[in-house]
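Asks: Mind looking at a prediction? Sequence and model below.
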Amino acid sequence: MTEKSCTLLVHFDKGTPALANEIKEALEGNDVEAKIEALKQAIMLLLNGDTIPQLFITIIRYVLPSEDHTVQKLLLLYLEIIDKKDSRGKVLPEMILICQNLRNNLQSPNEYIRGVTLRFLCRLNESEIIEPLIPSILANLEHRHPFVRRNAVSAVMSVYRLPHGEQMLVDAPEIIDRFLASEHDPSSKRNAFLMLFNCAQDRAVSYLFSHIDRIADWGEQLQMVVLELIRKVCRVNKGEKGKYIKVIISLLNAQSSAVVYECANTLVSLSSAPTAIRAAANTYCQLLLSQSDNNVKLIVLDRINELKSSHREILVELVMDVLRVLSSPNLDIRRKTLDIVLELITPRNIDEVVMMLKKEVVKTQSGELEKNGEYRQMLVQAIYSCAVKFPEVASTVVHPLMDFLGDTNVASALDVAIFVREIIETNPKLRVSIIMRLLDTFYQIRTSRVCTYALWIIGEYCLSLSEVESGIATIKQCLGELPFYTASEESEAQDVSKNSLVVSSSTVSSRRPVVLADGTYATQSAALETAMSAPLLVQGSLVASVGNLRSLILSGDFFLESVVACTLTKLVLRLEEVQPSKVEVNKATTQALLIMVSMLQLGQSSALPHPIDNDSHDRIVLCIRLLCNKGEEVKMIWLKSCRESFVKMLEDKKHREAEETRAMAQISNAQPDDLIDFYHLKSKKGMSQLELEDEVQDDLKRATGEFLKDGDDTNKLNRILQLTGFSDPVYAEAYVTVNHYDIVLDVTVINRTKETLQNLCLELATMGDLKLVERPQNYTLAPLSSKQIKSNIKVSSTETGVIFGNIVYETSSNVLERNVIVLNDIHIDIMDYISPASCADILFRTMWAEFEWENKVAVSTVIEDEKDFLNHIVKATNMKCLTPPSALEGECGVLAANLYAKSVFGEDALVNVSVEKQADGKLSGYIRIRSKTQGIALSLGDKITLKQKGSS
């Protein structure tokens with residue numbers, strides 16, 4: 001069955017279908033309202049496949065003479081969708097009956113009737129019906145009302161573009177050219193210019209340059225068509241683009257934001273001249289500030305991001321203008337803005353950028369917006385990146401940021417702690433001031449994770465006598481008075497803790513699987529990562545818990561206890577080096593031992609809901625033994641080796657970032673035999689400065705090979721899929737192009753027979769989140785000829801999809817018999833939508849805990865080396881390994897690594913690889929995939945299962 005094109009779509013309620021007899025009776029009556037409803041019913045039945053041939057004569061007799069405007073409009077819609085040709089492709093004789101009515105409408109005194117009739121003629125493809133009406137159409141070009149003239153121009157264009165339209169309207173371009181010169185209505189001028197643009201491009205260009213001085217006064221619609229004309233002309237004739245760029249520059253001052261945006265896009269696509277790119281960038285920045293729609297801002301930010309990759313030096317000048325977009329309350333806009341700005345910072349603008357970011361941080365302290373905490377975290381990360389790239393600004397930002405160590409937003413406070421830890425190592429001059437500020441603000445820290453970072457910094461970087469003593473004093477003050485509980489109150493505290501466990505179970509830590517830094521699972525007893533809550537133990541000496549460390553420890557955070565013990569151990573060992581008085585050293589040692597023993601007693605008592613875990617217990621016991629038996633070798637490990645490991649970690653991180661930067665830098669080279677035109681050796685007469693700049697930039701691009709070439713032919717060949725066999729009467733193959741949100745199938749069909757194939761149709765169907773955009777069309781293939789058929793498929797999620805179908809055709813010898821050739825399936829690979837991405841270790845573990853879809857794949861491979869297997873999985877899944885290479889060094893028979901990727905739809909894909917070498921040399925273990933959606937977890941699991949069995 002041949003599918004027809006449809007120019008009209010109306011919702012139809014199939015529950016109450018109208019009967020043809022009822023419609024016929026209503027049309028024959030004199031009630032206008034009934035006729036209107038009957039016509040609507042008839043149109044909806046036609047749109048849904050019912051032909052109702054008996055209605056046509058009734059409509060000609062009873063509806064055609066009606067003078068009601070609504071009836072006439074519905075009549076035109078009815079005529080638009082009915083079949084006007086017979087099975088042989090000839091116009092039906094009865095269609096001639098409507099020609100006189102259409103002519104009368106075109107001469108009607110009412111401008112609305114004329115206008116809708118002209119609009120109806122734009123959708124007619126039958127030249128036999130249109131040819132008698134051409135004089136009436138041309139006469140309407142001089143009608144007094146712009147609505148009629150506008151539709152008359154559209155009708156002329158549609159007639160001229162028919163298969164034999166140039167013969168019916170030979171002088172149409174000349175007529176429209178004269179019309180355009182005398183017309184004043186903006187919509188009519190736009191339609192006339194569009195007609196010249198499509199049918200007589202030279203006349204459109206001539207009109208443009210003859211009225212170039214008044215182009216700024218043209219309407220928005222006409223200006224948009226002008227830009228489209230410029231793009232079309234410059235694609236064909238690149239040598240003339242200089243004079244068109246001046247037209248675009250003049251349109252940058254237009255009143256319409258849409259025109260200004262299109263001007264900037266056109267400038268960027270046509271020219272590489274610094275003046276043109278600077279004008280486009282300024283335009284984008286103005287749009288960011290003038291438009292209130294968040295979607296518009298996000299689109300413009302995407303354009304600026306694209307511009308940044310090729311013209312960074314120009315955008316660097318506008319970095320402060322881009323930063324002003326942070327005034328928008330939308331977090332997506334703010335995040336995208338910060339990402340762009342961080343890649344545009346230079347030694348010249350770093351001070352201004354950091355000052356602006358500091359002001360934004362201060363603004364977040366007001367509680368007006370709900371997501372201030374998340375925004376503050378983004379700002380802290382941005383300032384951290386600035387300080388890492390330009391260490392000289394660290395001194396101006398580190399102290400203000402340290403005020404947020406006590407922030408109730410855990411992620412924001414954690415980012416500040418990580419930032420301070422790195423800055424104090426990379427900027428030795430700031431060490432003393434950072435330590436003093438940290439000791440002063442330590443009591444404000446309210447979360448366990450941040451406390452562990454701060455304690456590590458205190459233990460490693462308190463070097464002088466006063467700093468060590470202040471560090472010990474601060475920790476003692478935050479721990480409060482000892483012991484943490486008394487034996488006489490233990491039983492009462494136990495009852496209270498049991499009651500509180502029932503009433504407020506959310507504040508009690510529990511034994512549950514957590515993901516460690518290497519991606520492995522462990523059972524850890526620790527307090528939940530929330531703001532500090534009141535301690536569970538409330539009686540006797542326990543009421544004296546005023547310090548933040550005491551409250552967290554009394555809530556059952558034993559990991560924090562072990563960190564406190566390690567920090568005190570380091571401080572006492574360093575005190576022994578800087579304190580000449582042995583008495584003071586011994587005094588500090590005994591106090592530290594007392595604190596550690598008290599923490600052990602607390603952990604082993606029944607006062608808390610669960611006992612201390614073995615890891616924390618062993619760590620504290622180790623600290624106690626060390627303080628009781630101090631040896632030089634152990635001192636060196638605790639006081640120097642830990643810090644050296646941290647320094648090595650920072651160096652490794654910088655090295656990895658440098659490697660990634662080098663890998664991302666794409667160096668393109670021109671071929672030795674490429675033609676280079678040196679315009680500098682030619683005459684520059686008649687060329688403006690902008691044209692000269694554009695030519696210079698083109699020269700440079702040719703010389704450096706920056707002009708984009710066609711993709712690698714080898715890669716194209718890899719994407720060609722054979723759909724039918726070589727012995728089939730019709731051979732078909734498809735070239736698959738994946739463009740983020742859509743897939744384009746370019747199918748080549750070859751008729752290998754000596755017969756003409758009629759009504760050949762490529763029928764496709766899909767599985768998964770794939771959707772066909774258009775319906776298939778029928779073609780006629782001559783013997784041994786070929787045809788290119790394109791099909792567009794929309795993609796809505798990251799999921800492996802399948803495209804299948806068949807080719808149906810009829811032969812000239814037997815029209816009644818339809819032949820079917822089943823096509824090979826086309827599998828759409830999930831790897832086309834996934835790209836490697838980076839994410840912080842903390843964010844990875846947070847997402848791992850939140851995502852509900854997990855796919856667990858058992859390791860089954862012939863590869864025997866753990867690292868080779870990991871590299872094989874990374875390559876097969878197109879993901880990035882977040883675990884640093886230094887953590888994968890050595891031979892221990894066990895490997896655990898985290899992989900991360902992001903899809904074009906913004907979905908996160910998390911993978912944890914845990915493998916172990918068995919005694920027989922084979923690898924065993926599991927690969928876990930987690931994602932927010934089921935599709936990506938299942939598809940990625942299938943991909944890994946398929947690929948892991950191969951060798952590396």
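Replies: Noted; the coordinates are in hand. Residues are numbered from 1 along each chain as shown.
Asks: ok, now how distant is G631 from E733?
Replies: 75 Å (CB to CB, to the nearest Å). In this view, the C-beta of every residue, glycine as well, is placed from N, C-alpha and C.
Asks: Give the residue from the two that has the larger number of neighbours.
Replies: The neighbour comparison of G631 against E733 (other CB atoms under 10 Å) goes to E733, with 15 against 9.
Asks: right, and R818 touches T811 too?
Replies: No - the criterion here is CB atoms under 8 Å, and R818 misses it with T811 at 9.4 Å.
Asks: Please parse this structure into its domains.
Replies: The chain breaks down by the TED database into domains covering 217-271, 714-828, 832-948.
Asks: ok so, going back, looking at R818 and T811, which one has more neighbours?
Replies: Taking other CB under 10 Å, R818 and T811 do not tie; T811 has more neighbours (15 against 12).
Asks: still on that earlier bit, distance to C462 and mean pLDDT added to the domains of the chain, as CSV?
Replies: Output for these, formatted as CSV (distance: least, CB to CB, whole Å; pLDDT from 0 to 100):
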stretch, distance to C462, mean pLDDT
domain 217-271, 55, 83
domain 714-828, 50, 84
domain 832-948, 26, 87
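Asks: Let's have those domains in JSON lines, adding distance to L593.
Replies: As requested, the domains of the chain are exported to JSON lines (distance: least, CB to CB, whole Å):
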{"stretch": "domain 217-271", "distance to L593": "69"}
{"stretch": "domain 714-828", "distance to L593": "57"}
{"stretch": "domain 832-948", "distance to L593": "34"}
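Asks: Looking at those, spot the one closest to L102.
Replies: Proximity of those to L102 was assessed by CB to CB; the nearest stretch is domain 217-271, lying at 27.7 Å.
Asks: which regions of the stretch 601-750 of the chain lie under the pLDDT threshold?
Replies: 663-718, 740 (pLDDT under 70).
Asks: What segments of it are strands?
Replies: 720-722, 730-739, 742-751 (DSSP state E, counting those that start in this stretch).
Asks: out of the ones you listed, nearest to A840?
Replies: Within these, the stretch nearest A840 is strand 730-739; the backing value is 29.6 Å (CB to CB).
Asks: give me phi/psi at L772?
Replies: Taking degrees, to the nearest 10, you get phi -70, psi 140 for the backbone angles of L772.
Asks: Other residues contacting stretch 222-241?
Replies: If you take CB atoms under 8 Å, 6 or more residues apart in numbering as the criterion, stretch 222-241 is touched by 186, 189-190, 193-194, 197, 201, 204-205, 208, 215, 218, 244, 247-248, 251, 254, 256, 258-259, 262-263, 266, 269-271, 694.
Asks: In helices only, show me these.
Replies: Here DSSP state H is the test, and the contacts of stretch 222-241 give 186, 189-190, 193-194, 197, 201, 204-205, 208, 244, 247-248, 251, 258-259, 262-263, 266, 269-270, 694 as lying in helices.
Asks: For I830, see how far away L940 is.
Replies: From L940 to I830 the distance is 6 Å (CB to CB).
Asks: ah, wrong one, I meant H311
Replies: 34 Å.
Asks: Between those two, tell me which one has more neighbours.
Replies: I830 (22 against 18).
Asks: And for the closest residue to N330 other than its chain neighbours, the neighbour number?
Replies: Excluding the flanking residues, the one nearest N330 by CB to CB, 6 or more residues apart in numbering is N294, at 4.9 Å. Counted by other CB under 10 Å, the residues lying close to N294 total 13.
Asks: can you check the one 4 residues further on too?
Replies: Each residue near L298 was counted by other CB under 10 Å, and the total is 14.
Asks: Going through the contacts of stretch 222-241, which ones are buried?
Replies: 186, 189-190, 193-194, 197, 204-205, 208, 215, 218, 244, 247-248, 251, 254, 259, 262-263, 266, 270-271, 694 (16 or more other CB atoms under 10 Å).
Asks: Torsion angles phi and psi at V857?
Replies: phi -110, psi 120.
Asks: Grab the nearest non-local neighbour of it.
Replies: I927 (4.5 Å).
Asks: Quick check: the gap between T452 and C566.
Replies: Counting by CB to CB, the gap from T452 to C566 is 10 Å.
Asks: now swap in K241 and tell me
Replies: Taken as CB to CB, the span from K241 to C566 is 68 Å.
Asks: Over to A454?
Replies: 13 Å.
Asks: Which of those two has more residues huddled nearby?
Replies: A454 (25 against 21).
Asks: who wins for proximity to G893 among the strands of the stretch 601-750 of the chain?
Replies: strand 730-739 (40.1 Å).
Asks: who's in contact with the closest one?
Replies: 716, 719-725, 743-753, 757, 760, 762, 781, 807, 809, 821, 823, 826, 828, 832-833.
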